[in-house]
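Undergrad: Sequence and predicted model, in that order:
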Amino acid sequence: MAILRTKEIREMNEKDLDKKLNELKLELAKEKANINIGASVTSPGRIKEIKRAIARIETIKREKQLEVRKANG
């Protein structure tokens, strides 16, 4: 199951997107660190979900930037 759905991400404002993006990147770093030190992974699919959520957020942020540019220019 996805951490964040695309519809939920599109409803967020820029500040919330940045906050969630930072949280996910921190969580991904922690998961990777746990793997590197040899700790057991609680959920192997979690890393994949986090990466996908990060990609979704970055994609939607880019789309919003392009919409603003198109409207202004």
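TA: Yep, that arrived.
Undergrad: can we go C-alpha only for contacts and neighbour counts from here?
TA: OK.
Undergrad: in stretch 30-48, what counts as buried?
TA: E31, R46, I47 (16 or more other Cα atoms under 10 Å).
Undergrad: So which elements touch the helix ranked longest in the chain?
TA: Scanning the chain for the helix with the most residues, using DSSP state H, yields helix 44-72. Applying 3 or more Cα pairs under 8 Å, 6 or more residues apart in numbering; DSSP states H and E, one finds that helix 44-72 contacts helix 6-11, helix 14-37.
Undergrad: export the ones you listed to CSV and tack on distance to R56 and mean pLDDT?
TA: Listed next are the helices and strands packed on helix 44-72 as CSV, based on distance: least, Cα to Cα, whole Å; pLDDT from 0 to 100:
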stretch, distance to R56, mean pLDDT
helix 6-11, 7, 94
helix 14-37, 10, 94
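Undergrad: dump the residue contacts of R62.
TA: For R62, the contact set (Cα atoms under 8 Å, 6 or more residues apart in numbering) is empty.
Undergrad: Distance of it relative to N36?
TA: The gap separating R62 from N36 is 32 Å, by Cα to Cα, to the nearest Å.
Undergrad: returning to what we had before: nearest to E8 among the buried residues of stretch 30-48?
TA: Ranked by distance to E8 (Cα to Cα), these are led by R46 at 19.0 Å.
Undergrad: Okay, that closest one and M12: tell me how far apart.
TA: Taken as Cα to Cα, the span from R46 to M12 is 22 Å.
Undergrad: Next, name the residue at the spatial heart of the protein.
TA: I54 (2.2 Å; Cα atoms, centre = their mean).
Undergrad: so what's that residue closest to, chain neighbours aside?
TA: Leaving aside its sequence neighbours, I54 sits nearest to L21 (Cα to Cα, 6 or more residues apart in numbering; 6.2 Å).
Undergrad: what's around that neighbour, how many residues?
TA: 19 (other Cα atoms under 10 Å).
Undergrad: Then K64?
TA: Counted with other Cα under 10 Å, K64 comes out at 14.
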